[in-house]
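Participant: Quick check, what structure comes out for this input:
(2 chains)
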There are 2 protein chains.
Amino acid sequence: MKIFHYDTVKAQDAEGGAAKTTIRWLITKEIGAENFAMRLFEMEPSGHSPLHTHQWEHEVFILEGKGQLFDGAKSTPFSAGDVIFIPGNEQHQFKNTGQKLLRFLCLVPYTWE
Amino acid sequence: MKIFHYDTVKAQDAEGGAAKTTIRWLITKEIGAENFAMRLFEMEPSGHSPLHTHQWEHEVFILEGKGQLFDGAKSTPFSAGDVIFIPGNEQHQFKNTGQKLLRFLCLVPYTWE
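Facilitator: Next up, the predicted model:
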């Protein structure tokens, strides 16, 4: 088993059209997780992920802050303690609409590769 | 997509030898998650999960509180912000060794069934 604080994992700039957002790959195949990966995102105020669609699902837990999830047509607010499930093939974009840092976990199956 | 606060999901007593511990099944096959499930555990002071082993892995994020992870031989402390990966077939037991509630996410692949 492995135990480590999330901040010991390097924060990398999120790519693919994200703004003011970093990603930490916390649990991955490299440490033996064959089925799904745990990532932690940190998004500054006015930051966002790209509006995009892909085959794999997201399982999300909002740790801190608040924002909105945009599906291409409408936005739905969320805040700390919220759980979000985005099935595969649904358009989505996370936005930090608050004044403070937004921090959330987002897990993906290894079918994303 | 679905957005809901974790406390809207009913907390059930954790079974199989756990003490002073509840589980909420936040994201499951029932809402379309085919690959892995997100659960939230709340463990009162002196509460614990069973010391057990199974084929599937755990991906854990400690939201609040502190405790120890026992592998059958030694205990390792953890606290809020820690990430824990327990590969399949490794003995493990979570214990709340603090004075406050321990709250953590624990995700499992659907190969656990």
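Participant: mind listing what's buried in stretch A:100-110?
Facilitator: Across stretch A:100-110, burial judged by 16 or more other CB atoms under 10 Å in any protein chain shown covers A:102-110. In this view, the C-beta of every residue, glycine as well, is placed from N, C-alpha and C.
Participant: Would you mind listing what in chain A touches chain B?
Facilitator: Neighbours of chain B within chain A, by CB under 8 Å from any CB of the partner chain: A:1-7, A:9, A:26-27, A:31-36, A:38, A:57, A:59, A:61, A:63, A:69, A:71, A:76, A:78, A:81-87, A:90, A:92, A:105, A:107, A:109, A:111.
Participant: Separate out the buried members of those.
Facilitator: With burial judged by 16+ other CB under 10 Å, the buried subset of these is A:1, A:3-4, A:6, A:9, A:26-27, A:33, A:35-36, A:38, A:57, A:59, A:61, A:63, A:69, A:78, A:81-87, A:92, A:105, A:107, A:109.
Participant: Only the buried residues of the longest strand along chain A, if you could.
Facilitator: Criterion DSSP state E: the longest strand present in chain A is strand A:36-48. Neighbour-count burial for strand A:36-48 flags A:36-43, A:47-48 (criterion: 16+ other CB under 10 Å).
Participant: pLDDT of it, averaged?
Facilitator: Strand A:36-48 comes out with an average pLDDT of 98.
Participant: tilt between that strand and strand B:36-48?
Facilitator: Angle, strand A:36-48 to strand B:36-48, by axes from the mean of the first three to the mean of the last three CA atoms, to 10 degrees: 100 degrees.
Participant: Can you name every helix or strand that the helix or strand that strand A:36-48 is followed by contacts?
Facilitator: Counting by DSSP states H and E, the next helix or strand C-terminal to strand A:36-48 is strand A:58-64. Packed against strand A:58-64 by the contact rule (3 or more CB pairs under 8 Å, 6 or more residues apart in numbering or on different chains; DSSP states H and E) you find strand A:82-86, strand A:102-109, strand B:36-48.
Participant: can I assume A:F94 is in contact with A:G65?
Facilitator: No: using CB atoms under 8 Å, A:F94 is not in contact with A:G65; the gap is 10.8 Å.
Participant: Those two: who's more crowded?
Facilitator: Just comparing A:F94 and A:G65: by other CB atoms under 10 Å in any protein chain shown the higher neighbour count belongs to A:F94, 27 against 21.
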